[in-house]
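>>> Provided below for reference: sequence and predicted model.
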Amino acid sequence: MKVSSTNILSGVVGIVIALGMYLYAGTFPSRAASAALYIRFLAVVLGSFSVILLGKSFYSKNSDKIGWIERPRFFFATAGLLIVYIIIMNVIGFFLSSFLFMFGLAWILGYRRLISLSIGSFSLLALIYVVFVHFLSVPVPTGLF
Amino acid sequence: MFDLLVAGMGRLADPFVLFSIFSGTVGGIIIGAIPGLTATMAVALLIPVTFAMDPVAGLALMGGVYSGGMYGGAISSILLKTPGTPAAAATAFDGYPLTRQGKGGVAITVATVASFTGGIVSTIFLITLAPLLARMALKFGPPEYFLLAIMGLASIVTLTSGNLIKGLLSGLLGLIIATVGMDPIAGYIRFSAGIPHLYEGVSFMPALIGLFSVSQILELTAESNIVQELSIDIKTLKREKLPKGLGPTIARGSLIGSFVGMLPGAGATIAAFISYNFTKQFSRDKDSFGKGNPKGVAAAESANNGVVGGSLIPLLTLGIPGNSVAAALMGGLMIKGLIPGPELFTKYGEITYAFILSLLVANVIFLILGLYLAPLFAKVATVSNAILIPSIAILSVIGSYAMNNSMFDVYLMLFFGISGYFLHRAGFSLGAIVLGLILGPIAEQGFGQSLIISGGSPVIFVSSPISIALIIITLVLLLPGIIKKKKVDSPALGIEREVSIEED
């Protein structure tokens, strides 16, 4: 996607959000008059800047392309595993899910030294246990079991 | 002031506080030395850890990371082919050629002593100037606070790299996100989509960790291992004496760093380049710069570490962070109930001065560690991204969860992380979004209270000399961004990079 196309899209989205905010502020009760006014102030500024961005994008075309994702395999593996990790944490608990996530993602990203990886994973989780569970008394997600 | 300073010094005698400063500084040096990891990210991840700690120890830990992180960038700039932080890019101009000439030890000594001096000078500025500025803040009322928030936003936004309008839109986006939940005047709930977790607003920590840490690990996936091999055998690196004749360069760099750091929005990268260029211009041997002149290293390092104390002056007195690390530090202060302003130097003076003095200790620590262990830190900096990425992700998850023991905050972090990645790629400034989030409640409260006082008349925003001065300063701050986009040349690395405060 070209920079100018992204700017046009950003400008349009900005204008839509600004309009939505302005109209939504009209539904506020009278006791929240100052809150409504503040939202309208932000909406007007947002709308104005979005119009300027839109105008500038039409006026001076920037044909440079935005590289959204440079290494798709690594990007989607990281984002996908992170989402899965957060979901399964509620089922199998923080420490087991973290260990599997660390091992799995490092392996996918190309790390093959199993002993270093095991020591690294264990050390990190031990540090988290000492700092968060022991020292700060944070009850980490324990899962269903 | 003197009593509070002495009391603050007493708080530093606690072994746990000293341990916090030491571990923060060591952690900061390592993070600073690893290209791709920033002190901002480290401070963001540390805030949950410091939540239950004694305020002095918690702030000292973060201060140590800030000081150590700023210095650590120099190690990889000199010994590896990559600057650890953008602020250390100017250090590489002469630091890396010195290493190739077999004078890596000299470069490390110069960088360490210059960084130490810059840090000490700027902390002295912080101790002397901040209380004076804080007293001035007593004259501020709601309209002035609203305008101050706008000024802070304008200043940091205009110096971000790229499109000015996108920078302003980023700050505005932060202000809009900050309106989610109850309004500060009437308690009316907005934009919460019926989700109870959002009634009190978007939690700051998950947003901060998502924007600065998760988006960064997604950025790291672009390269398999951002650090190249060590360019020398570290066993051959000897500890060298400081070359003579660097005093004026270090003194000038320290002053430039302290002054530039005070300007809201300016950052260590800008300070380092200004100092480097000044030194080059005033030198009788201009041609030697970029080929291994120790003065180049001294100029850049004294200035970028000088920014540390300087950037805390507007933060602690007016609540305006000087750069993105200071913005993250502000989050740490506010979570502890320490609201920037005059009270930090009166009611909470003991804690504040202890924090400031801890920066001096952090400087001494990195001076000793840098002179004796720099090659070891460089070795640590070669750690693979394949290990870094999952490690930071796990710390981000537990850090977001820990504040409220809430999985919703983890989901929020994920949302901000992925959105932040794409917004950054599209040219929006994540630092400005965070600043908008921080300044949003101050701006809204100032706006609402001002209109209540004036009976709805906007004239109140231009009715006092301070307000008018703030408006003028805001307009002046917007000028450079309108006039031109700053670019700097990196001769040693052969790359051209934009000046960006976001990554300082």
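Yep, that arrived.

>>> Show me the shaky parts of the chain.
No chain specified, so I'll use chain A. Judged against pLDDT under 70, the low-scoring parts of chain A cover residues A:145.

>>> nope, chain B please
Along chain B, the model assigns pLDDT under 70 to residues B:81, B:155-162, B:224-238, B:264-266, B:480-504.

>>> Quick check, central residue of it?
In chain B, the C-alpha nearest the mean C-alpha coordinate belongs to B:V325, at 2.3 Å (Cα atoms, centre = their mean).

>>> Check which helix or strand that residue maps to.
Assigned by DSSP states H and E, B:V325 falls within helix B:324-335.

>>> So which bits of the next helix-or-strand element following that helix are buried?
Per DSSP H and E, helix B:324-335 leads on to helix B:349-380 as the next helix or strand towards the C-terminus. Residues of helix B:349-380 classed as buried under the neighbour-count rule (16 or more other Cβ atoms under 10 Å in any protein chain shown) are B:349-363, B:365-367, B:369-371, B:373-375, B:377-380. For every residue, glycine as well, the C-beta is placed using N, CA and C.

>>> number of nearby residues for the residue nearest to B:T352 when sequence neighbours are not counted?
Spatial nearest neighbour of B:T352, chain neighbours left out: B:L344 (4.6 Å); criterion: Cβ to Cβ, 6 or more residues apart in numbering or on different chains. Here the neighbour count serves as a burial measure; for B:L344 (other Cβ atoms under 10 Å in any protein chain shown) it reads 24.

>>> Contact partners for B:L344?
Going by Cβ atoms under 8 Å, 6 or more residues apart in numbering or on different chains, B:L344 touches B:A134, B:L316, B:T317, B:L338, B:I351, B:T352.

>>> Distance check, it against B:M262.
Summarising the geometry, the distance separating B:L344 from B:M262, computed by Cβ to Cβ, to the nearest Å, is 16 Å.

>>> just B:I320 next, same as before
Noted for B:I320: a distance of 10 Å to B:M262, by Cβ to Cβ.

>>> These two: who's more crowded?
Higher neighbour count among B:I320 and B:M262: B:I320, with 27 against 22, using other Cβ under 10 Å.

>>> Quick check on the more buried one: phi, psi?
phi -110, psi 110 (degrees, to the nearest 10).

>>> what about the helices in chain A?
Using DSSP state H, the helices assigned to chain A run over residues A:3-25, A:33-59, A:72-92, A:94-108, A:114-128.

>>> can you list residues touching both of B:I320 and B:M262?
With contacts defined as Cβ under 8 Å, 6+ apart, the residues shared by B:I320 and B:M262 are B:P314.

>>> Correct me if wrong: B:S406 contacts B:P196.
No. Counting by Cβ atoms under 8 Å, B:S406 does not reach B:P196; the two are 10.9 Å apart.

>>> quick one: which of those two has more around it?
For B:S406 against B:P196, the residue with the higher neighbour count under other Cβ under 10 Å is B:S406, and the figures read 15 against 9.

>>> For chain A, see how far away the more buried one is.
The spacing between B:S406 and chain A, counted by Cβ to the nearest Cβ, to the nearest Å, is 10 Å.

>>> Contact partners for that residue?
Listed by Cβ under 8 Å, 6+ apart, the contact partners of B:S406 are B:H197, B:S203.

>>> With A:I86 as the reference, measure out to it.
Here B:S406 is placed at a distance of 13 Å from A:I86 (Cβ to Cβ).
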